[in-house]
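Quick one, what's the 3D model for this:
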Amino acid sequence: MSEAFAASLLQPGSQKGQRTALGPEALAQSFLDNLFFVQGRSVERASVNDLYMALAHTVRDRILERWIATVKNYQAQDVRVVCYLSAEFLTGPHLANNLINLGIYDEAEQAMRQLDIDLNVLIEQEEEPGLGNGGLGRLAACFMDSLATLEIPAIGYGIRYEYGIFDQQIRDGWQVESTDKWLRFGNPWSLERPEDVFEVKMGGHTEIHTDAQGRFKVQWIPKRMVRGVPHDTPIPGYRTNTVNTMRLWAAQAVESFDFGTFNDGDFAGAVADKVASENISKILYPNDDRLEGKELRLAQQFFFVSCSLQHIVGIQITQNRPLAELHRNFAIQMNDTHPAIAVAELMRLLVDEHAMDWDTAWHVTQNAMSYTNHTLLPEALEQWPRSLFASLLPRHLEIIEEINSRHLNHVRQRFPGDESRVKRLSLINENGENGANGDKTVRMAHLAALGSHAINGVAALHTELLKTRVLDDFYALTPEKFSNMTNGVTPRRWMVLSNPRLTELLTARIGSTWIRDIERLRRLEPFLEDAEFCHEWKAIKRENKATLAAYIQDRLGIQTDPDSIFDVLVKRLHEYKRQHLQVLHILTLLKRLQRDPDAEMTPRTFIFGGKAAPGYRMAKLIIKLIHSVGEAINADPIVRGRLKVVFLPDFSVKLGQRVYPAADLSEQISLAGKEASGTGNMKFAMNGAITIGTLDGANIEIREEVGEDNFFLFGLTAAEVENQKRDGYNPRAVYESNANLRETIDSLTSGEFSHGDRALFEPLVSSLLARDEYMLLADYQSYIDCQDRVSLAYKNQEQWTQMSILNVARIGKFSSDRSIRDYCANIWKTWPVSIEL
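Below you'll find the predicted structure:
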């Protein structure tokens, strides 16, 4: 940086216009201002983090004017605000995404270049907020991006976890968890609002009395109180003035320090309430195997729901709008079952705190609330022990039991004499979660379904299975509530930011309007016959693969071939997602080479990534298996580089941005009927990867959109899975009847991949042969045959490139913009509001 240029920038530049101007010179000036006045550093003494923070504040300055204008516009108009309640918001890093949405990425790059600073270094410096576990939190973040882009009034509500999802390290092939200290350098994007705190009651008991007008009243006398402190993060839309708010709540003690106790010498006791209160927002998803863990998770859910609903009710009152019309001004969406306590809490606020009669309160609650179910797995539908409710939320238990009493009276009227149906529809499970006359439980999915005016699944098959299996009794009772809203992902992060090379090619050929209207990618189809375009497309994929290969070499010391098939399976580790089926495929290929070292084989690089829940032993064993097989294959001279196995530790949004653009093959291999939707399948297809998958979740709709010839299909259908299980599926018989499968399975207990330890993988093998709950063995041969078709297809690079192009051209349905339009039209009944500055 020249002295003259630096001197010209170091003039006072704090006027509003200077702080909001978008040109390179103004950005450079603001950057230096923030580096000096916010970070307290000169350029010469600044660390990389200082430079990142200064640029983050510079970008936030440009957002603030739009953010404040957005809030003012919403307050001035009669709008319906979407309130998105989610236990997870996996936003990913903010800096680069905000630069793209503001339309100043190139200007920021130029401003940093003038100061001899590499923008990419600052982008890489940003700590990723680990506020989610996977698809649920990432979907919430995509929806927030689309809501702002489509100019829909919205607030996202969640928890500001001090420590997010754990950092994953790999030691000797095993996953080891370490603390995710995402806040250790601060967070420049959020603003703490200590004047907007709310108090949340917990524990204690209730007392009944009548008020001055003779009305029946219940007063909750809590055992303790916790304060919820909001931290607001602006979420800007793409090339709009709209900036919506993501409000995350941090828990604090009402009194964080007991002076008297401290003076009495009980130093730990003096801060005991502070520690207990702050534990609520300490970590994402504490282990709930023990009662203490269950209590903390329920407290987390209630804490953020209560704070959020108090805020919503407060807005309604501040705006001088009747509480009886709250549902006209707010659409409250429960993102999965975690926020289901919102139904009872809104009833409590309206009836107990604001003296609304029960029937009116129930009308408001049902018409304000809607419920998205994200899972078909029974354990994720959440049932809490009734005794836990009585201890932690005694008033809510009373409200739930009153709701249940009225509900079951209605069920008996609709279905007289059908007491088994009454039991299934009850909000209280009389037999306990495990059906063995244990402690009664509160069924949270039932509460969410009953307390909502709309219930939706997230893919066509998933919604159908909700209607016919998971919530079939509710569908019979109120079929009009049910609809499908297939998930989507934002093309701003998952194409524009993640794949700039492809974005440049697409924009050069069809213009940039596709970024806001991804259906316009259909205009790519005529380019299938354009040899130059296809050559560029193939070259971009090769460059993306080379970039990922360099990253793998740098981080893991494993050399990979960018000309091999990059066969990728990155997602949360769970047996139903069947990462171990891919391992069986890898072992099958290895056995072929061991039998014939000179056999022709299309080279493949198998890339895995994903975290296992800390208490999920089988998922952790699968991670160990992947590493053990990879260690053997990567060192085996027989393989001669034709196969490579890579596991990318600590998979995250940031890492996903590297992986999705480089993939050739997208592994979506869950057992049919188990995956609600999936969103990784959409990100891969958006970046030109071709899917190999079952007819599960959104795979079905992706195949319908991109065309059967551009999708590799294998495996049983959901109906066939159900039929085989009903008829007595016998995995050992499948094992005995297939020599290749038997050889592969036996190798796992031979010690070949465990340095002679035959017992290491025995629990996994025993599970497959005895139960095979997710039917890997049933789908094995179909999967192997399909993978052979993949290898053959990849040899024809012209055809493969055309398949890749068509996956991108026809992926428009799976933009989160389309999802949000569907929610707005069919569930939320809300409309865009243009923001004028």
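
quick one: the helices in the stretch 301-450 of the chain?
Remark: helices assigned in the stretch 301-450 of the chain by DSSP state H, counting those that start in this stretch are 326-329, 342-348, 358-368, 386-392, 394-414, 419-425, 444-450.

what's the answer for the stretch 1-150 of the chain, then?
If DSSP H, counting those that start in this stretch is used as the criterion, the helices of the stretch 1-150 of the chain fall at 3-9, 16-20, 24-37, 48-76, 95-102, 105-114, 119-125, 135-149.

of all these, which gets the most neighbours per residue?
Stretch with highest mean neighbour count among the helices of the stretch 1-150 of the chain: helix 135-149 (a mean of 27; mean count of other CB atoms under 10 Å). Glycine gets a C-beta too; all of them are placed from N, C-alpha and C.

the inter-axis angle of that helix versus helix 95-102?
30 degrees (axes from the mean of the first three to the mean of the last three CA atoms, to 10 degrees).

Let me see the mean pLDDT of helix 135-149.
Across helix 135-149, the average pLDDT comes to 96.

do the same with stretch 811-831
98.

and the end-to-end length of it?
By CA to CA, to the nearest Å, the extent of stretch 811-831 from end to end equals 25 Å.

and what of stretch 277-285?
16 Å.

Just the residues contacting it, thanks.
Stretch 277-285 is contacted from outside by 88, 130-133, 159-165, 224, 226-227, 249-254, 256, 296-297, 299-300, 303, 613, using CB atoms under 8 Å, 6 or more residues apart in numbering.

if you look at those residues, which of them are in strands?
Ile159, Arg224, Val226, Arg227, Trp249, Ala250, Ala251, Gln252, Ala253 (DSSP state E).

Any of those residues buried? List them.
Buried by 16 or more other CB atoms under 10 Å: Ile159, Val226, Arg227, Trp249, Ala250, Ala251, Gln252, Ala253, out of those.

got the buried residues for stretch 608-619?
Here stretch 608-619 shows Phe608, Gly609, Gly610, Lys611, Ala612, Ala613, Tyr616, Ala619 as buried, counting by 16+ other CB under 10 Å.

who's in contact with it?
In contact with stretch 608-619 (CB under 8 Å, 6+ apart) are residues 133, 165-166, 168, 175, 177, 285, 287, 289, 568-575, 579, 582, 620, 622-623, 626, 645-651, 655, 659, 763-764, 767.

again, 7 Å this time
With contacts defined as CB atoms under 7 Å, 6 or more residues apart in numbering, stretch 608-619 is touched by 165-166, 168, 175, 177, 287, 289, 569-575, 579, 620, 623, 626, 646-648, 651, 655, 659, 764, 767.

what about that stretch, how long is it end to end?
13 Å.

Averaged pLDDT, that stretch. What do you get?
The model assigns stretch 608-619 a mean pLDDT of 96.

three-state assignment of Lys201?
Assigned by DSSP: H, G, I helix; E, B strand; the rest coil, the conformation of Lys201 is strand.

And the one 5 residues further on, by the same measure?
Secondary structure of Thr206, reduced to three states by three-state DSSP: strand.

In contact with it, which residues?
Taking CB under 7 Å, 6+ apart, one finds Val218, Gln219, Trp220, Ile221, Pro394, Arg395, Glu398 in contact with Thr206.

do you know how far it is from Pro385?
Using CB to CB, to the nearest Å, Thr206 is found at 19 Å from Pro385.
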